[in-house]
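Visitor: sequence-free structure coming up:
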């Protein structure tokens, strides 16, 4: 079974631009979560989607948004990029949240550099 | 609330040495516990997990036991290899919640020298 895939793997943008990152979960997984990883803040939770609905959101400004499609693929969007948005963005999928379904499997990440 | 505390790194060991990385947690509910490993330039890989008290997760020679009485999930390996050099993250997920987020520790960098 293919793992979680993320595209693109690397991205360079300038301040003020916007960016869209894509995540394809493991086949059959309906829950997708996004995390931001930086050296200073570590791994921070952005949001979680399940069956096209955002179930949970972390403490990030409204410039960060996401969505999930009917095939469980997910995108996240960051508008008006700031230098501090430079990070590794990780997507994780799981079957669901019930007992035995909660293990999250991560993709390789998208490394975003904002200049 | 939910939180995870890991021992500060970096940890530097010689090959075949014994490894312990301490992890303690605070949880409002009854969590599942995980160890993830991140190699340079890659995403996180699930190393092992435990879903209830006294469960022992194990994989690739690594072990961790879910200790509810001490709220701990320490990672151990009897004999490390150079290829184990990576960053290790302890994480929890609240099983009592329908919300799927993981709470991570800050990570522990392990370097193993030949």
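Guide: Arrived safely. Worth saying up front: this structure is predicted, and the values here are computed from it rather than measured. Residues are numbered from 1 along each chain as shown, chains lettered A, B, ... in the order given.
Visitor: mind listing what the closest residue to residue B:51 other than its chain neighbours touches?
Guide: Among residues not flanking residue B:51 along the chain, residue B:32 sits closest, at 4.6 Å (Cβ to Cβ, 6 or more residues apart in numbering or on different chains). C-betas here are computed from N, CA, C, even on glycine. Residues near residue B:32 by Cβ atoms under 8 Å, 6 or more residues apart in numbering or on different chains: A:102, A:103, B:49, B:50, B:51, B:92, B:93, B:95.
Visitor: do that again at 7 Å, thanks
Guide: Shown in contact with residue B:32 (Cβ atoms under 7 Å, 6 or more residues apart in numbering or on different chains): A:102, B:49, B:51, B:92, B:93, B:95.
Visitor: ditto for residue A:4
Guide: Going by Cβ under 7 Å, 6+ apart, residue A:4 touches A:23, A:24, A:25, A:26, A:91, A:92, A:93, A:105, A:106, A:107.
Visitor: ok, and which of these reach chain B?
Guide: Contacts with chain B within the contacts of residue A:4, as defined by Cβ under 7 Å from any Cβ of the partner chain: A:105, A:106, A:107.
Visitor: Name the helix or strand for residue 29, please.
Guide: As the question left the chain open, I've gone with chain A. Using DSSP states H and E, residue A:29 is not contained in any helix or strand.
Visitor: ok so, going back, let me have the contacts of residue B:32 in a markdown table, extended by neighbour count, distance to residue B:106 and pLDDT.
Guide: As requested, these are exported to a markdown table (neighbours: other Cβ atoms under 10 Å in any protein chain shown; distance: Cβ to Cβ, whole Å; pLDDT from 0 to 100):
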| residue | neighbour count | distance to residue B:106 | pLDDT |
| --- | --- | --- | --- |
| A:102 | 22 | 22 | 78 |
| B:49 | 21 | 19 | 95 |
| B:51 | 18 | 23 | 90 |
| B:92 | 24 | 14 | 93 |
| B:93 | 24 | 17 | 90 |
| B:95 | 17 | 23 | 71 |
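Visitor: nearest to residue B:18, of these?
Guide: Using Cβ to Cβ, residue B:49 is the member of these that lies nearest residue B:18, at 22.0 Å.
Visitor: now, which of the contacts of residue A:4 sits nearest chain B?
Guide: Taking Cβ to the nearest Cβ as the measure, chain B lies nearest residue A:106 of those, at 4.2 Å.
Visitor: Per-residue pLDDT of that closest one, please?
Guide: Residue A:106 is assigned 96 on the pLDDT scale.
Visitor: I figured it hits residue A:90, correct?
Guide: Yes: Residue A:106 is in contact with residue A:90 according to Cβ atoms under 7 Å; the separation is 5.5 Å.
Visitor: re earlier: which of the contacts of residue A:4 ranks first by neighbour count?
Guide: Of all the contacts of residue A:4, residue A:91 has the most neighbours under the rule other Cβ atoms under 10 Å in any protein chain shown, reaching 30 neighbours.
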